[in-house]
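1. please work out how this folds:
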Amino acid sequence: MVEHGVEVSQVLGKGASLLVAAATLHDVGYAPRLAVTGFHPLDGARFLRDEHGADERLVRLVANHSFALLEAEERGLREALEAEFPLLEDQLLVDALVYCDMTTTPDGERTTAGERVAEIRGRYGDDSVVGRFIRRAAPEIFVAVGRVEGTLAAQPRGG
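-> Take a look at the predicted model:
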């Protein structure tokens, strides 16, 4: 995923290092000692904010990565997530993190957004909280990934 972050960072300008940091840290909330709510975007963002005083934009990206508000809603945590970590208004940066997350397998290999969504549904099952979330989020994921792919395709290739 970090590799994707470096690739996409070329189109972000001053947001490049922020994307690479968010791509690196977005799943930190899965660490067992951080799992307070069991919702990794919220737990990870709180850890970065409270224990490390991390940059507010970084914390907000981690908290909201890959349409986390939709999953927070499924878990009854949407109000808490929105109140503590409002969405960033930088659409390209938000989309870039979605792209990094949703075009990388859990093992770090490249994949398509469609294959990644299918993998998540298969791993968690359609009736689970994550399964319900990913079905709801899939159309938005595909649009975000498409926007980033379009931006990347429009960039001149170095030679």
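
2. mind listing what the residue lying closest to residue 35 once chain neighbours are set aside touches?
-> Of all residues not flanking residue 35 in the chain, residue 43 sits nearest, at 5.6 Å (Cβ to Cβ, 6 or more residues apart in numbering). To be clear about C-beta, it is placed using only N, CA and C from the backbone, and glycine gets the same treatment. Applying Cβ atoms under 8 Å, 6 or more residues apart in numbering, we find residue 43 in contact with 29, 34, 35, 36, 37.

3. can you give me the mean pLDDT across the helix or strand hosting residue 43?
-> Per DSSP states H and E: residue 43 is located in helix 40-52. On average, the pLDDT along helix 40-52 is 98.

4. for residue 110, give me phi and psi.
-> Here is the backbone geometry of residue 110 (degrees, to the nearest 10): phi -70, psi 150.

5. any idea how far it is from residue 104?
-> From residue 110 across to residue 104, the span is 7 Å (Cβ to Cβ, to the nearest Å).

6. comparing those two, which residue is more hemmed in?
-> residue 104 (19 against 12; other Cβ atoms under 10 Å).

7. which element is residue 140 on?
-> helix 129-154.
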